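Trainee: below are the sequence and a predicted model; questions follow.
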Amino acid sequence: MKMGNLLTAFLQLITSRQTRSENLPRENDSNIQINLNPEDSRILEALCQFLWIQGDPLPLIFDVENEVYTKQGITLATLKHLEAIGLIVFDVNGFVKKGLGKHTRLFYSGKPTKIGFQNDGNNYLDLGHVLLTERGKKMISVFKPLRNQEFYEYVINRWFQQGLVLSSIQIGRNQKADINNRVCSTKE
């Protein structure tokens, strides 16, 4: 692992715990050059469906052997390959975002999910085993994000099992406010 990549990842997220088939560029990203071979491009595009956004894109890869990832072609081998070509940082111990308040918000496919923690402050959120490098962030910006409902439900269930309180507001296609609150609680 290159020290520069590790330092960049550390500075961007206060982190550490011991430690699509077509490329669809966005209109304003025409100056980003993709110099990946077709297989690398396919792997990176598959990784994009696992991105949540909180300021920066966060690929939430919690268990590299879980079927939700492997059936999309994301395995330990493909992640190690993306690391070798400088697009991600992989850590077997994983990464966490520390110092969160009572609530935080992440976006999946442009839709917000509010996360409530048990404590009023000094909370952390498990980010899984992968962070994007600066080069990786530039490269993924040219792919049109794909929504993976099974993955979304996997993450929501995982957070629920951790005792987090979750709510999400979904906006319908007709631009009507279709409020779909899903509040999960661990009270018994």
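Mentor: Now that the structure is in, tell me what you want to look at.

Trainee: and the pLDDT for K144?
Mentor: As predicted, K144 sits at a pLDDT of 85.

Trainee: number of residues surrounding H103?
Mentor: 13 (other CB atoms under 10 Å). (C-beta placed from N, C-alpha, C; glycine too.)

Trainee: nearest spatial neighbour of it, skipping sequence neighbours?
Mentor: Once flanking residues are discounted, H103 sits nearest to G116: 5.3 Å by CB to CB, 6 or more residues apart in numbering.

Trainee: okay, the one you found: pLDDT?
Mentor: On the pLDDT scale, G116 gets 96.

Trainee: I'd say it and Q162 touch.
Mentor: No - counting by CB atoms under 8 Å, Q162 is not a contact partner of G116; they are 11.5 Å apart.

Trainee: neighbour count winner among these two?
Mentor: G116 (17 against 13).

Trainee: list the buried residues for stretch 40-60?
Mentor: If you call a residue buried by 16 or more other CB atoms under 10 Å, then stretch 40-60 has these buried ones: 40-52, 54, 57-60.

Trainee: now do the end-to-end distance for that stretch.
Mentor: 19 Å (CA to CA, to the nearest Å).

Trainee: pull the residues that contact it.
Mentor: By CB atoms under 8 Å, 6 or more residues apart in numbering, the residues outside stretch 40-60 that reach it are 12-13, 20-21, 23, 34, 36, 61, 69, 72-74, 78, 81-82, 85, 87-88, 97, 104-108, 127-128, 130-132, 136-137, 139-140, 143, 145-148, 151, 155.

Trainee: now do stretch 97-111
Mentor: Against stretch 97-111 from outside (CB under 8 Å, 6+ apart): 13-15, 51-54, 58, 112-117, 119-125, 127, 145, 147, 152, 155, 168-171.

Trainee: from these, which would you call buried?
Mentor: 13, 15, 51-52, 54, 58, 113-117, 123, 125, 127, 145, 152, 155, 168.

Trainee: can you flag which of these belong to strands?
Mentor: 51-52, 54, 58, 113-116, 123, 125, 127, 168 (DSSP state E).

Trainee: so what pLDDT did the most centrally placed residue in the chain get?
Mentor: Nearest residue to the geometric centre of the chain (CA atoms, centre = their mean): P59, 2.7 Å. P59 is assigned a predicted lDDT (pLDDT) of 98.
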